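A.B. asks: Here's my sequence, what's the structure:
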Amino acid sequence: MWWICLCGLLVAVIIILLIKITLMKKSAREIREMLAQKLSSDTNTLIDITSGDRDMRKLAESLNIQLRQLRQERHRFQQGDTELKEAVTNISHDLRTPLTAIFGYLDLLRRQPQSETMQQYLSMISNRAEVMKQLTDELFRYSVIVSVQETSMERLCLNTLLEESLASYYGAIQQRHITPEITMPEVRIERNLDKTAIMRVFGNILSNALKYSDGDLQICLTEDGKMTFSNHAKGLDTIVVGRLFDRFYTVESARNATGLGLSIAKLLTERMGGSIQASYQDEVLCLTIQFPGS
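C.D. replies: Reported below is the predicted structural model:
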């Protein structure tokens, strides 16, 4: 009869182990779900499980310690990021006063008798001062755009917006002796967008195209809302094109670039729920924007 008792004991042990495993799996599932919830939301609550198992509760306690440290680092980062944005805004604003004075003195110097060497020096100084002014303005705009998260969405026609953007750049396009090839559908392509933001996106992309174009520009809007801006641009490569959206990254040939234009375009496009990509093939640079239909 001893083997019957042994079998009964084994069955009891197996049942206890199964219950233990089931409870541990439940606790693990609770920890996983609550950890994902805490990481995805900015909350001060911690992981709390129903299990009384000592090891599982120790695991939850260890994760709570890591969560507290992560929140402290996140708050420190957010505070530092806010202070940096404010500093950039203040610095770019403060630089405008001395830059205005520099341009004023340069204008006075141009009215004075000048040697050929002095004219060259003045031209170089004016060029560098203009680049600094452009960078200062872009820094100010970038800090404002990053700080302001709200968008004022409304139903807008992409056809009309593209036409308005092209009209505003007509003078610059003519100056580069570029005749753009524009393809648009007859039907109205409408999307929910922030007008100020989308006009800045188009403006920055057109400005970029004028910097890198070898003399051509093709713009295409399709019925599914995809917009492409393409132009020949010798001297680029896929690595350079892959970094065009990085902040402060400039192609060496674009000496008047600040490296913020396409970064701002990407930020605003994604903020409105769209996507923007760059590709380079057969010496043609192509920027593609698309906003989901609704």
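A.B. asks: and the helix or strand where Asp107 lies, how far from the chain's centre?
C.D. replies: When elements are assigned from DSSP states H and E, Asp107 belongs to helix 54-110. The offset between the C-alpha centroid of helix 54-110 and the centroid of the whole chain comes to 16 Å, using CA atoms, centre = their mean, to the nearest Å.
A.B. asks: Quick check: which helices or strands does that helix pack against?
C.D. replies: Packed against helix 54-110, as judged by 3 or more CB pairs under 8 Å, 6 or more residues apart in numbering; DSSP states H and E, are the following elements: helix 2-40, helix 116-147. Using the backbone N, CA and C atoms, a C-beta is placed for each residue, glycine as well.
A.B. asks: Quick one: distance of the last one to the chain centre.
C.D. replies: What that stands for is helix 116-147. Its chain's average C-alpha position is 24 Å from that of helix 116-147, according to CA atoms, centre = their mean.
A.B. asks: do the same with the first one
C.D. replies: On the basis of CA atoms, centre = their mean, helix 2-40 is displaced by 47 Å from the centre of the chain it belongs to.
A.B. asks: For it, the averaged confidence score.
C.D. replies: Mean per-residue pLDDT for helix 2-40: 75.
A.B. asks: any idea how far Pro113 is from Lys211?
C.D. replies: Using CB to CB, to the nearest Å, we find Lys211 at a distance of 35 Å from Pro113.
A.B. asks: what about these two, which has more around it?
C.D. replies: Lys211 (17 against 5; other CB atoms under 10 Å).
A.B. asks: Could you list the low-pLDDT ranges of the protein?
C.D. replies: Scanning the chain for pLDDT under 70 picks out the ranges 1-3, 6, 40-44, 80-81, 83-85, 87-89, 92-93, 140-150, 247-259, 294.
A.B. asks: What is the burial count for the closest residue to Ser279 other than its chain neighbours?
C.D. replies: In space, not counting the residues next to it along the chain, Ser279 is nearest to Cys286; the distance is 4.9 Å by CB to CB, 6 or more residues apart in numbering. The number of residues packed near Cys286 is 17, by other CB under 10 Å.
A.B. asks: circling back: how much does the helix holding Asp107 deviate in direction from helix 2-40?
C.D. replies: Taking axes from the mean of the first three to the mean of the last three CA atoms, to 10 degrees, one finds that helix 54-110 is oriented at 20 degrees with respect to helix 2-40.
A.B. asks: need the contact list for Phe229.
C.D. replies: Neighbour list for Phe229: Ile205, Leu206, Ala209, Leu217, Gln218, Ile219, Cys286, Leu287, Ile289 [criterion: CB atoms under 8 Å, 6 or more residues apart in numbering].
A.B. asks: In a markdown table, list those along with distance to Ser275.
C.D. replies: Below are those laid out as a markdown table (distance: CB to CB, whole Å):
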| residue | distance to Ser275 |
| --- | --- |
| Ile205 | 14 |
| Leu206 | 19 |
| Ala209 | 19 |
| Leu217 | 22 |
| Gln218 | 20 |
| Ile219 | 18 |
| Cys286 | 14 |
| Leu287 | 11 |
| Ile289 | 7 |
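A.B. asks: wait, the residue nearest to Ser279 sits on Met227?
C.D. replies: No. Between Cys286 and Met227 no contact is recorded; they are 10.8 Å apart, counting by CB atoms under 8 Å.
A.B. asks: Ile49: neighbouring residues, count only.
C.D. replies: A count of nearby residues for Ile49, using other CB under 10 Å, gives 18.
A.B. asks: Which of the three states applies to it?
C.D. replies: Following DSSP: H, G, I helix; E, B strand; the rest coil, Ile49 is assigned to coil.
A.B. asks: who's in contact with it?
C.D. replies: Under the criterion of CB under 8 Å, 6+ apart, the contact list for Ile49 reads Ser27, Glu30, Ile31, Met34, Met56, Arg57, Ala60.
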